[in-house]
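could you work out the structure for the sequence below:
(one chain, ligands or ions: 2)
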Amino acid sequence: MTTIALIVAAGSGSRTGLDFPKQYLSLNDKTILALSADIFLDHPAIDHVQVIINPEDEDLYRSAIAERALLPWVAGGETRQKSVSNGLEAAQAYSPDYVLIHDAARPFAPADLIDRCLEALEDHEAVLPALSIQDTLKSLEGDKIAGTLDRDKIVAAQTPQCFHFASILAAHKTFADISVTDDIALAERANIPVKRVEGDPTNLKITTAQDIEKMTAKFLTDVRTGLGFDVHAFDVNTPLWLGGVEIPYEKGLKGHSDADVALHALTDALLGAVGEGDIGLHFSPSDARWKGASSDQFLVHAAKLVEKRGGKISNIDVTIICEAPKIGPYRNDMRQRIASLLKIDRDRVSVKGTTTEKLGFTGRQEGIAAQAAATVRLPE
Ligand code: CTP
Ligand code: MG
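Numbers count the residues shown, from 1 in each chain. Ligands and ions are numbered 1, 2, ... in the order given. All right, here's what the predicted structure looks like:
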């Protein structure tokens with residue numbers, strides 16, 4: 001008995017908004033495609049695993065699958081149906097008895113789902129894992145509700161969809177001109193009885209940008225915190241930049257860049273959270289490029305370092321310490337500006353002002369201090 005798994009991965013993932021196909025996105029340290037392939041490579045009853053790809057993605061494919069023991073890849077087609085069909089044709093070379101056809105876009109199919117499918121395949125030509133529907137289902141006519149469907153007669157199809165190899169190969173050939181979105185639809189056309197087995201709610205399909213957002217978030221379990229602190233002296237001849245906003249005030253702050261003490265503290269907090277040194281390491285005060293530079297770019301650079309690690313900023317909090325100017329009237333502008341620089345929601349950004357009760361250098365109004373904290377979530 002020979003069983004082959006075909007993983008269709010020749011799509012472009014146009015609905016994700018990524019600029020590369022979703023199956024090559026890394027979740028934690030493995031790509032979605034590698035996760036999907038490993039489900040079958042790790043299953044003792046599967047003899048071969050063959051992936052169907054767009055030949056233009058060959059480089060992405062090679063780095064995604066690394067040293068895995070897969071059959072040589074097969075070129076997909078314009079549609080999913082054509083990609084499967086090409087895979088089946090190529091798989092004939094291995095004389096399989098059973099075939100499991102799986103979307104690369106479902107990287108979390110659990111092993112016991114595969115067990116259920118394989119067991120059912122012993123007595124059925126076609127097997128579909130499918131989930132019952134929890135919501136009440138309505139039919140539509142235009143934008144009007146036309147009726148209520150019998151939920152007990154409806155299930156949501158998942159993959160792997162499993163077949164006796166010869167049956168599904170023949171169905172694909174016979175109905176090549178009919179357009180369908182899954183392989184069971186062809187079995188239905190060919191009057192092959194299809195056995196339903198229980199699907200698994202964790203066997204999610206990645207389709208949209210929101211799906212990616214949700215899945216990625218699941219892996220960001222390494223929570224890190226960083227702190228930042230900075231001080232700049234007042235200078236009468238410069239504008240005052242604080243929290244990315246220009247504030248009308250009688251003096252500004254002295255510094256090599258625009259001296260935005262709040263953004264500097266925030267930048268250090270973010271760098272601290274990812275262990276990337278301090279602001280001076282990335283933007284040397286002796287480098288002429290940063291003379292008078294807007295501190296926006298320092299903060300954006302730190303945020304990019306978090307993004308590069310596959311991480312997300314959970315929240316940041318900055319306290320600006322001075323007797324004057326008052327921070328309150330500019331708080332929301334600063335929050336808005338910082339949120340847009342970091343590409344996060346405004347409610348993840350906090351800006352606070354305090355005085356030192358006229359004590360010390362801030363009390364004597366010689367300068368402004370700022371301290372900040374940042375929490376980021378990284379993949380383990
Ligand atoms: N697929 C394929 N060949 C195609 C189209 C799709 O092999 N010509 C694969 C996809 O790579 C995916 C699976 O079929 O693993 C299910 O398709 P879907 O989720 O629609 O993925 P895409 O077609 O890549 O995405 P989109 O429709 O958003 O472009
Ligand atoms: Mg598609």
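
contacts only, for the residue of the chain found nearest ligand 1.
Closest to ligand 1 within the chain is residue 11: 2.0 Å, counting by Cβ to the nearest ligand atom. Placement of C-beta: from N, CA and C, glycine included. Taking Cβ atoms under 8 Å, 6 or more residues apart in numbering, we find residue 11 in contact with 21-23, 54, 76, 80, 83, 104-105.

output the set of residues of the stretch 1-150 of the chain in proximity to ligand 1.
8-15, 21, 23, 52, 76-80, 83, 103-105 (Cβ under 6 Å from any ligand atom).

show me those residues that map onto strands.
Applying DSSP state E to those, the entries found in strands are 8-9, 52, 103.

which pair in those residues spans the largest distance?
The span of those, defined through Cβ to Cβ, is set by 52 and 103 at 10.6 Å.

ramachandran coordinates for residue 270?
According to degrees, to the nearest 10, the main-chain angles of residue 270 amount to phi -70, psi -40.

if we ignore the residues flanking it in sequence, what's nearest it?
Here the nearest residue to residue 270 in space, its sequence neighbours aside, is residue 302; by Cβ to Cβ, 6 or more residues apart in numbering that works out to 3.8 Å.

circling back: which pLDDT value goes with the residue of the chain closest to ligand 1?
With respect to pLDDT, residue 11 scores 97.

mind listing the strands for the stretch 51-200 of the chain?
74-75, 98-103, 126-132, 138-141, 144-148, 155-157, 161-164, 194-198 (DSSP state E, counting those that start in this stretch).

can you redo those as JSON lines with mean neighbour count and mean pLDDT?
Formatted as JSON lines, the strands of the stretch 51-200 of the chain follow (neighbours: other Cβ atoms under 10 Å; pLDDT from 0 to 100):
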{"stretch": "strand 74-75", "mean neighbour count": "18", "mean pLDDT": "98"}
{"stretch": "strand 98-103", "mean neighbour count": "26", "mean pLDDT": "98"}
{"stretch": "strand 126-132", "mean neighbour count": "20", "mean pLDDT": "97"}
{"stretch": "strand 138-141", "mean neighbour count": "9", "mean pLDDT": "95"}
{"stretch": "strand 144-148", "mean neighbour count": "9", "mean pLDDT": "95"}
{"stretch": "strand 155-157", "mean neighbour count": "15", "mean pLDDT": "96"}
{"stretch": "strand 161-164", "mean neighbour count": "26", "mean pLDDT": "98"}
{"stretch": "strand 194-198", "mean neighbour count": "16", "mean pLDDT": "98"}
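
could you dump these to CSV with distance to residue 250?
Supplementary listing: those in CSV, determined by distance: least, Cβ to Cβ, whole Å:
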stretch, distance to residue 250
strand 74-75, 70
strand 98-103, 64
strand 126-132, 66
strand 138-141, 65
strand 144-148, 65
strand 155-157, 66
strand 161-164, 73
strand 194-198, 72
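
what residues does the stretch 201-350 of the chain have near ligand 1?
Close to ligand 1, as judged by Cβ under 6 Å from any ligand atom, the stretch 201-350 of the chain has residues residue 207.

where do the helices sit along the stretch 201-350 of the chain?
Ranges of helices within the stretch 201-350 of the chain are 209-219, 261-273, 279-282, 296-308, 331-342, based on DSSP state H, counting those that start in this stretch.

give the buried residues for the fourth one.
The neighbour-count check on helix 296-308 (16 or more other Cβ atoms under 10 Å) flags 296, 298-299, 301-303, 305-306 as buried.

of those residues, just say which sits nearest to residue 115.
Residue 115 lies nearest to residue 306 out of these, by Cβ to Cβ, at 40.2 Å.

quick one: which of the ones in strands among the residues of the stretch 1-150 of the chain next to ligand 1 is most hemmed in?
Most neighbours among those, by other Cβ atoms under 10 Å: residue 9, with 31 neighbours.

which ones are touching it?
21, 23, 33, 36, 51-53, 61, 76, 104.

mean confidence score for the longest strand along the chain?
Assignment by DSSP E gives strand 222-235 as the longest strand of the chain. The pLDDT scores in strand 222-235 average 97.

with stretch 260-267 instead?
98.

what's in contact with it?
Counting by Cβ under 8 Å, 6+ apart, residues outside stretch 260-267 touching it are 228-232, 241-244, 253, 279, 294-296, 298-299, 301-302, 316, 318, 320, 334, 338, 351, 368-372, 374.

and the residues you listed, which of them are buried?
228, 230-232, 241-244, 253, 279, 295-296, 298-299, 301-302, 316, 318, 320, 334, 338, 351, 368-372, 374.

just checking, residue 357 touches residue 321?
No: between residue 357 and residue 321 there is no contact, the gap being 10.9 Å when judged by Cβ atoms under 8 Å.

more neighbours: these two, which one.
residue 321 (24 against 9).

in contact with residue 161, which residues?
Residue 161 makes contacts with 100-102, 126-129, 182-184, as judged by Cβ under 8 Å, 6+ apart.
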